[in-house]
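Asker: Fold the following for me, if possible:
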Amino acid sequence: MKIAIIGTGYVGLVSGACLASKGHEVVCVDVDPAKVAHINDRKPPIYEAGLQELLDQVVPSHLTATTDLKKAVQGADISLIAVGTPFDGDLIDLKYIRAAARQIGEALKDHEAYHVVIVKSTVVPGTTEDVVLPILEEASGKKAGRDFGVGMNPEFLKEGEAIDDFMYPDRIVLGGIDARTIGVMAKIYDVFPDVDVIQTKPRTAEMIKYTANSLLATLISFSNEIGNLSATVGVDVVEVMRGVHLDKRFTPIRKDGERVIPGFISYLAAGCGFGGSCFPKDVKALIAHGAGKGARMDLLKSVISVNADQPARMIEMLKLRFPDLAGVKVAVLGMAFKPGTDDIRESPSLPVTQALLEAGAVITAFDPIARHEAEKVFPSGVTFVDNLDGTVAGVDAILIMTGWPEFRALPALLETTGANPYLVDGRRLLAKDSVRAYAGIGLKAEPVA
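Answerer: Numbers count the residues shown, from 1 in each chain. Below is the predicted model of the structure:
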């Protein structure tokens with residue numbers, strides 16, 4: 001099929017490259033000529049594992065990029081809207097969605113063939129039918145359901161694992177205004193056999209996406225609340241959660257005796273908080289949407305509250321050893337909100353690093369991928385280093401903020417150098433007895449006399 005994708009951010013470009021690798025003809029549209037040029041030169045404007053290899057494979061044979069939205073839409077069977085939906089603190093901002101819908105509608109005005117417009121961006125329930133559809137009708141002068149189709153097809157992509165998630169999906173959700181729309185949408189995914197497909201209404205598809213992300217965020221905040229209590233009462237949350245995980249309802253035991261460890265178990269682990277472009281924004285947006293509809297969203301409000309407080313636990317543990325942080329040499333390990341990505345949006349590292357700066361600490365920092373993004377936030381006051389050895393050399397304390405596997409080498413490195421910094425593990429990445437001076441989320445830390 002011929003597909004136009006509006007927006008070349010994380011969702012748009014990954015989706016486009018994956019669909020192109022499956023044989024579809026894809027044109028990615030962006031207003032930024034530099035991004036378009038990068039894509040056509042096979043240079044990904046974002047970091048995602050495997051994306052470079054995928055672009056090498058599909059550009060220009062099955063994927064090209066352009067700034068000409070009208071030409072791309074008129075040359076396609078389907079348009080996917082994959083623009084950003086930033087959250088302004090009260091509501092998601094639909095200005096990019098509205099603009100894309102209007103431009104697509106204008107392109108369809110003098111386009112004879114039936115065309116399906118699909119919202120791929122994460123939007124609150126009702127957006128596709130109540131916002132996008134009327135704009136398309138107004139701009140095109142045509143009637144949805146008769147002249148063109150409108151649908152919603154949420155993405156379920158984890159940053160750092162997005163290509164695998166797209167190529168090997170666990171479910172495909174197709175929300176369309178009518179059977180014809182859903183039929184066209186389904187043709188996109190004929191190349192993904194043996195996958196559970198849900199065919200439903202657009203607002204249900206929108207709700208599925210928000211519910212999925214809100215549930216995972218709730219698991220994390222629940223685990224962090226239990227971790228904070230565990231530290232208070234003097235038990236180790238890692239041991240607590242290990243006992244919880246062994247419930248067969250969470251980790252079933254097959255007939256051959258092997259235990260199955262589902263992926264969601266990783267969300268039932270205490271840490272220094274969640275971040276990224278999805279969980280914080282989506283949970284807040286759902287709270288705001290619920291409030292606008294008169295629904296109390298008390299549980300999800302608590303999820304956000306717990307998460308907002310969690311990074312401060314790192315500073316609290318650090319101050320048990322160093323009550324006055326002025327002049328203390330601190331290594332911050334990890335700026336990305338999770339390993340496998342350069343995305344630092346809502347990363348717990350940001351408030352922690354800012355607090356260290358305000359307290360007068362001397363900061364070195366290392367992230368294998370996200371340094372260039374972090375330097376934009378901290379252009380001064382933080383010394384960014386390109387390797388683990390140099391980052392921790394001569395420091396008084398180390399904070400593990402991101403669970404990069406490279407950081408597992410710390411115990412051996414410290415043993416070799418003979419250094420004994422105070423290590424605060426915000427991801428419980430290391431065994432608590434692997435270094436001489438260890439503190440971790442969900443583990444009671446004692447003040448130094």
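Asker: how many other residues sit next to residue 353?
Answerer: 25 (other Cβ atoms under 10 Å). From N, CA and C alone the C-beta is placed, and that goes for glycine too.
Asker: Distance-wise, check it relative to residue 331.
Answerer: 11 Å (Cβ to Cβ, to the nearest Å).
Asker: Name the residues contacting each of those two.
Answerer: Common neighbours of residue 353 and residue 331, counting by Cβ atoms under 8 Å, 6 or more residues apart in numbering, are 363, 365.
Asker: Tell me where the stretch 1-150 of the chain has helices.
Answerer: 10-21, 33-40, 51-58, 69-74, 95-108, 127, 133-140 (DSSP state H, counting those that start in this stretch).
Asker: Now do the fifth one against helix 133-140, angle only.
Answerer: In this structure, helix 95-108 runs at an angle of 40 degrees to helix 133-140, with axes from the mean of the first three to the mean of the last three Cα atoms, to 10 degrees as the basis.
Asker: For helix 95-108, name the packing helices and strands.
Answerer: strand 2-6, helix 69-74, strand 78-81, strand 115-119, helix 133-140 (3 or more Cβ pairs under 8 Å, 6 or more residues apart in numbering; DSSP states H and E).
Asker: Tell me what angle that helix forms with strand 2-6.
Answerer: Using the same axes, to 10 degrees: helix 95-108 against strand 2-6 is 140 degrees.
Asker: Need the residues that contact helix 95-108.
Answerer: Contacts of helix 95-108 (Cβ under 8 Å, 6+ apart): 6-7, 69-70, 73-74, 79, 81, 83-85, 115, 117, 119, 121, 123, 127, 131-132, 135-140, 142, 147-148.
Asker: and what of the last one?
Answerer: Outside helix 133-140, the residues within contact range by Cβ under 8 Å, 6+ apart are 98, 101-106, 108-109, 117, 142-144, 147-148, 150, 177.
Asker: following the longest helix seen in the chain, which helix or strand shows up next?
Answerer: Assignment by DSSP state H gives helix 202-233 as the longest helix of the chain. Sequence order places helix 237-245 as the next helix or strand after helix 202-233, per DSSP states H and E.
Asker: Which neighbouring elements make contact with that next one?
Answerer: helix 202-233.
Asker: Run the chain-centre distance for the helix it packs on.
Answerer: With Cα atoms, centre = their mean, to the nearest Å as the basis, helix 202-233 stands 14 Å off its chain's centre.
Asker: on that earlier part again, which of the helices and strands packed on helix 95-108 sits closest to residue 46?
Answerer: strand 2-6 (14.1 Å; Cβ to Cβ).
Asker: orientation of the closest one relative to helix 10-21 in degrees?
Answerer: 170 degrees.
Asker: Within its sheet, name the partner strands of strand 2-6 and how each one runs.
Answerer: Strand pairing for strand 2-6, using DSSP bridges, gives strand 25-29 (parallel), strand 78-81 (parallel).
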